[in-house]
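Trainee: I would like the atomic coordinates for the input below:
(one chain, ligands or ions: 2)
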Amino acid sequence: MRGALGGSGVLLRRLREVMAAPVSPQERLDRLVVVIAGNLVAEVCSVYVLREDSSLELYATEGLNREAVHLTTMRAGEGLVGLIASEAEPLALSDAQSHPAFSYRPETGEEIYRSFLGVPILRGGAVMGVLVVQNRASRVYSEDEVESLQTTAMIMAEMIAAGGLKALSKPGATIGLDRPIHSIGTTLADGVGLGHAVLHEPRVAITNLIAEDPGREVQRLEAAIATMRLAIDELIERGDVAHTGEHRDVLETFRMFAHDQGWLRRMREVVMTGLTAEAAVERVQSDTRAKMLRQTDPYLRERLHDLDDLANRLLRTLVGKSNGVTREDLPENAILIARSMGPAALLDYDRRHLRGVVLEEGGPTSHIAIVARALNIPAVGEIANATALIQAGDAVIVDGQAGEVQIRPQPDVENAYKDKARLRARKQEQYRKLKTQAAVTKDGVEIQLQINAGLLVDMANLEETNASGVGLFRTELQFMVAQHMPTTAEQQALYDAVLKVANGRPVTFRTLDIGGDKVLPYMERLEEENPALGWRAIRIGLDRPRLLRAQVRALLRAGAGSDMKIMLPMVATVNEFLRARTLVRRELDMLERDGRPAPASLKLGVMVEVPSLLFELPEIAREADFLSIGTNDLMQFLFAADRENKRVSDRFDPLGIAGLRALRNIVEEAGKANCPVTVCGEMGGKPIETLALIALGYRSFSMSAASVGPVKAMLRALDAGKARQRLDAWMSSSDSAASLRPLLAALAAEMKVPV
Ligand code: PEP
Ligand code: MG
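Mentor: Numbering: from 1, shown residues only. Ligands and ions are numbered 1, 2, ... in the order given. Just a heads-up that it's a prediction; the model follows:
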């Protein structure tokens with residue numbers, strides 16, 4: 001057996017000749033397997049290509065029965081070939097038949113071969129097929145041989161991707177490259193969007209795979225590595241880390257990886273096999289991506305992502321900048337595909353052409369999710385390997401409602417989604433018609449509907465929904481999407497603009513709710529065991545009064561001459577509220593002392609979202625000017641079930657007896673103290689939940705803009721008195737059902753209330 005260096009060089013030269021020969025695709029494949037078998041001194045070399053139906057079809061062979069070509073197929077996961085495809089890892093066996101996954105195919109005649117070496121044909125981490133060599137004798141394949149075969153597989157991957165093999169596929173057995181993929185992720189922003197893929201950071205296209213002069217390629221690789229390191233050093237030393245939207249420690253880790261000897265050695269080794277520098281980077285990147293896809297440990301996956309990023313940087317240096325779509329000339333019906341994306345990057349795109357966003361990362365509380373929701377763009381996160389699986393221009397459907405993505409959908413799937421989108425549009429149209437209708441129940445109970453907002457772009461929804469005001473303005477969003485801590489003047493400018501757009505409708509500003517999952521990129525990050533229960537929101541405000549006072553100052557100045565409403569998040573005791581109130585009053589006094597115009601009136605309210613406050617209800621209702629229930633946090637803390645953890649977040653229904661009693665206590669105590677109360681958590685924007693809340697006695701809600709239509713449609717058909725009677729009866733019965741939801745749904749159906 002030849003050594004990999006010399007052997008691969010010869011092999012690659014031979015492969016290049018075959019690739020350049022003016023022959024049919026089948027002939028080319030047939031010649032390739034002969035060359036590979038000869039070079040690796042193997043009796044057999046076979047290529048299996050992944051088909052659209054996930055099975056692997058024998059496309060060419062040297063050594064097995066030629067009649068089996070295009071006849072033998074392996075189901076996904078079947079046999080050694082199937083195993084390699086599903087694991088995306090090479091497999092070398094000196095006694096293949098004793099492997100538990102071995103499956104015997106009489107038509108191939110492979111029973112006489114003992115040793116087996118197979119490698120996945122990978123492109124961008126996605127498996128496109130399997131390349132196999134076999135030997136009659138029992139033998140151990142060396143690392144160099146595995147390496148050689150992997151390099152060859154990469155060339156084959158490009159051949160498959162270039163479409164050369166498409167012509168060989170039989171009708172109904174198209175190869176996997178263009179196969180439709182249905183991928184399940186998580187909802188970032190609701191809505192359904194159909195369009196064509198635009199890659200946020202397009203893949204660098206590599207055309208030159210095989211090196212003319214391997215020595216020169218090594219130099220090119222070294223030069224690119226040096227350039228990349230320098231760029232990262234500069235990025236960090238420039239000091240404005242926040243400018244890139246990444247945390248400093250992330251960048252430091254990044255720098256560490258740029259010096260990772262193992263990774264660099266891998267690339268050098270691959271260049272030495274005869275590939276160009278860029279092809280070598282991509283080879284190693286493809287392996288990294290394949291590992292990333294199968295890695296379940298989030299920490300390790302993150303590290304693999306770092307390597308992937310570095311590889312992209314190297315590729316850009318080696319091949320030159322990729323010519324991606326510029327922000328301004330986004331094509332119509334664009335679906336943006338990215339590994340991850342900062343909120344500011346999304347705001348840069350022309351939203352009129354954006355139909356959806358697909359991310360490899362991004363949880364529901366990520367900043368990008370917040371911005372996507374604000375812009376009303378359907379978005380789905382956690383789609384594994386999206387940037388490798390989706391090519392620019394591919395048809396993509398983003399189902400933000402279900403948290404799913406359809407890549408290159410079949411016509412029937414596409415039609416089904418078009419219907420779904422049409423249905424949604426029709427419903428939206430009906431909701432729009434309700435815009436001018438009053439929010440009054442069938443039995444004449446007036447309900448106040450407001451919207452939640454957090455960015456200036458949200459404010460357009462006020463006009464669109466005709467809501468009576470903004471019941472929750474999350475001020476932390478400005479801080480979260482900014483590159484640096486907003487100054488008092490910048491804060492005031494936003495509040496001024498918000499009040500201007502509101503044009504007299506009330507806006508309830510919530511003071512900073514940071515900490516926990518809401519991390520500011522430019523603020524030192526605390527390592528806390530339980531961040532949701534940690535140093536956050538009003539706790540930070542009370543411990544760092546300058547921060548809170550600066551914000552209150554900005555709010556009071558912006559509110560000059562108008563009726564201002566401010567509320568405090570995560571208050572756990574009445575005492576905390578009183579301390580914060582003292583601070584607010586001091587700012588108000590200072591404003592008056594300085595002779596600056598003050599708000600015409602100021603109401604200071606409190607979020608009820610920490611269960612301890614439920615045991616000080618009479619006192620808090622007496623002290624605060626209003627209450628606003630943050631059901632998201634209240635239910636998370638009441639049931640000790642993390643709202644971001646899918647395993648437990650839906651485990652307890654707030655429409656169970658415990659949740660409903662807690663909510664009834666609040667509305668009753670607020671009523672006794674004549675203290676206005678609003679529900680501003682997600683619960684208030686879901687029709688069945690809102691029905692229950694109205695039955696409990698709530699009359700004021702603040703919800704995402706998209707919920708206003710469905711909730712109004714529900715309440716206008718509702719007999720609130722009747723709902724109250726029923727709910728009272730159910731709540732006093734001794735039946736300990738986990739949830740009253742089924743009864744409420746049945747009641748809605750009986751009353752013909754749309755929920
Ligand atoms: C809540 O907790 O219900 C709430 C409205 O606040 P946030 O979702 O911002 O925590
Ligand atoms: Mg909250």
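
Trainee: hey, where'd the strands end up in the stretch 201-350 of the chain?
Mentor: 334-338 (DSSP state E, counting those that start in this stretch).

Trainee: Flag every residue of it that's near ligand 1.
Mentor: Residues of the stretch 201-350 of the chain found near ligand 1 (Cβ under 6 Å from any ligand atom): none. Backbone N, C-alpha and C define where each C-beta goes, glycine included.

Trainee: Name the spans of the stretch 201-350 of the chain whose pLDDT lies under the cut-off.
Mentor: Counting by pLDDT under 70, the stretch 201-350 of the chain shows low-confidence ranges at 203, 235, 238-251, 253-254, 293, 296-302, 321-328, 342-344.

Trainee: got the residue ranges for the helices in the stretch 401-550 of the chain?
Mentor: Using DSSP state H, counting those that start in this stretch, the helices of the stretch 401-550 of the chain run over residues 411-434, 460-465, 476-481, 488-502, 538-543, 545-558.

Trainee: and after the last one, which helix or strand comes next?
Mentor: Looking back up the chat, that one is helix 545-558. Note on helix 545-558: by DSSP states H and E, the next helix or strand toward the C-terminus is strand 563-568.

Trainee: what's that following strand in contact with?
Mentor: For strand 563-568, contacts defined as Cβ atoms under 8 Å, 6 or more residues apart in numbering pick out 472, 506-511, 538, 541, 552, 555-556, 577, 580, 584, 599-607, 625-626, 628.

Trainee: which bits of the chain sit near ligand 1?
Mentor: For the chain, the residues in contact with ligand 1 (Cβ under 6 Å from any ligand atom) are Leu472, Arg474, Asp513, Glu609, Gly630, Thr631, Asn632, Asp633, Cys680, Gly681.

Trainee: can those go into CSV with extra columns for pLDDT?
Mentor: Formatted as CSV, the residues of the chain next to ligand 1 follow (pLDDT from 0 to 100):
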residue, pLDDT
Leu472, 97
Arg474, 94
Asp513, 93
Glu609, 97
Gly630, 97
Thr631, 96
Asn632, 92
Asp633, 94
Cys680, 97
Gly681, 93
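
Trainee: How about Ile337: which residues does it bridge to?
Mentor: On the basis of DSSP bridges, Ile337 is bridged to Leu199, Val358.

Trainee: From Met480, how far off is the residue nearest to Leu122 when sequence neighbours are not counted?
Mentor: With Cβ to Cβ, 6 or more residues apart in numbering as the criterion, Leu122 has its nearest non-adjacent residue at 4.4 Å, and that residue is Ser286. Distance, Ser286 to Met480, by Cβ to Cβ, to the nearest Å: 35 Å.

Trainee: Which one of these two is surrounded by more residues?
Mentor: Higher neighbour count among Ser286 and Met480: Ser286, with 25 against 19, using other Cβ atoms under 10 Å.

Trainee: My guess is that one contacts Glu158. True?
Mentor: No: contact criterion Cβ atoms under 8 Å: Ser286 and Glu158 do not qualify, at 10.9 Å.

Trainee: Please enumerate the shared neighbours of the two.
Mentor: Counting by Cβ under 8 Å, 6+ apart, the shared contacts of Ser286 and Glu158 are Arg123.

Trainee: Kindly report the domain assignment for the chain.
Mentor: 6-162, 181-202+328-413, 214-319, 440-705 (the TED database).

Trainee: Compare the mean pLDDT across those domains and name the weakest.
Mentor: Across those, domain 214-319 has the smallest mean pLDDT, namely a mean of 78.
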